[in-house]
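K.L.:
Structural data only, the sequence is not supplied:
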C-alpha cells in the first residue's frame with residue numbers, strides 16, 4: 001500500500017488529530033494575530049503580517065486556518081477565554097457582593113492599562129463581525145458569556161439589598177456590558193485614559209445600593225460605599 005508523502009501526512013495530522021507540537025504552534029499564531037490586529041488593526045493587516053509576528057512561514061497558517069476570517073474566529077475564542085479567566089482571578093476570594101463589582105472594574109482597568117491592544121482588538125472584532133456571519137455568531141457568543149458573568153454578579157448584589165425591582169438583572173447586566181464597550185471605544189477615539197470613565201461607572205453602579213436602601217426606608221451605608229469607590 002502506498003504511503004502518503006511527508007508533506008501530505010503532516011497536513012492530515014494537522015487537520016485531524018494534531019501532531020506533536022501542533023497545538024503550541026497554533027496557539028502561537030493566534031497570539032500573534034492578537035498582537036498584530038490589536039496593534040495595527042484587522043483590516044490593515046494581512047496574514048503575512050501575522051506569520052511574521054509568529055515566526056512561521058505564511059503557508060503554514062493555512063494548515064491551521066482556512067482563511068483570515070477563520071483565524072479571527074479563533075481570536076474571538078481566545079478573547080472569550082481570556083476575559084473569563086481574568087474575571088475569575090480578579091474575584092477569587094472576594095465574597096462580599098458589594099465589593100465584587102468594584103473589584104472587577106478595578107481589575108478591568110488594570111488589564112486595559114497592561115494590554116491596551118486588547119481594547120482595539122475587541123472593536124476590530126465587532127466591526128469584522130458585522131460583515132462576516134461566522135464571526136458575528138462568535139461575537140454574539142462572546143458578548144453573551146460576558147453579559148451572563150455580569151448578570152451573576154448583579155444577582156449576587158441584588159440579593160443583599162433591602163429592595164430593588166427597577167429593571168431585570170439581565171437588562172442591567174447588558175447595560176453594564178454596553179457601557180464598558182462604549183468606554184473602551186470612546187477612549188480609543190479620544191486617545192485618552194479610560195480610568196475616569198470606569199470610576200464614574202463604578203459610582204453609578206454603587207448608587208443602586210443607595211436607591212435600594214432609600215426605597216426600603218433604610219439608611220444607606222454611604223461611608224462604606226465611598227470607600228469602595230476609591231481607586232485601589
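P.N.:
Perfect, thanks for sending it. This is a predicted model, so every value here is computed, not measured. Residues are numbered from 1 along each chain as shown.
K.L.:
which one is residue 115 nearest to, not counting chain neighbours?
P.N.:
With CB to CB, 6 or more residues apart in numbering as the criterion, residue 115 has its nearest non-adjacent residue at 7.8 Å, and that residue is residue 38. To be clear about C-beta, it is placed using only N, CA and C from the backbone, and glycine gets the same treatment.
K.L.:
where does the one you found land in three-state SS?
P.N.:
helix (DSSP: H, G, I helix; E, B strand; the rest coil).
K.L.:
so how far is residue 150 from it?
P.N.:
In this view, residue 38 and residue 150 are 23 Å apart by CB to CB, to the nearest Å.
K.L.:
chain center to the helix or strand hosting residue 72: distance?
P.N.:
Secondary structure from DSSP states H and E places residue 72 in helix 68-91. Centroid separation between helix 68-91 and its chain, computed with CA atoms, centre = their mean, to the nearest Å, is 6 Å.
K.L.:
quick one, what contacts the residue nearest the centre of the chain?
P.N.:
The geometric centre of the chain, computed from its C-alpha atoms, lies nearest to residue 83 (CA atoms, centre = their mean), at 4.2 Å. Residue 83 makes contact with 142, 145, 146, according to CB atoms under 8 Å, 6 or more residues apart in numbering.
K.L.:
what about the last one, how many neighbours?
P.N.:
In other words, residue 146. Applying other CB atoms under 10 Å, we find 21 residues neighbouring residue 146.
K.L.:
And the strand or helix carrying it, what's buried?
P.N.:
Using DSSP H and E, residue 146 falls within helix 133-159. Using 16 or more other CB atoms under 10 Å as the test for burial, helix 133-159 gives 135-136, 138-139, 142-143, 146-147, 149-151, 153-154, 156-158.
K.L.:
and stretch 80-87, which residues are buried?
P.N.:
So, applying 16+ other CB under 10 Å, buried residues of stretch 80-87: 80, 83, 86, 87.
K.L.:
For the third one, which residues are in contact?
P.N.:
By that I understand residue 86. So residue 86 contacts 107, 108, 111 (CB under 8 Å, 6+ apart).
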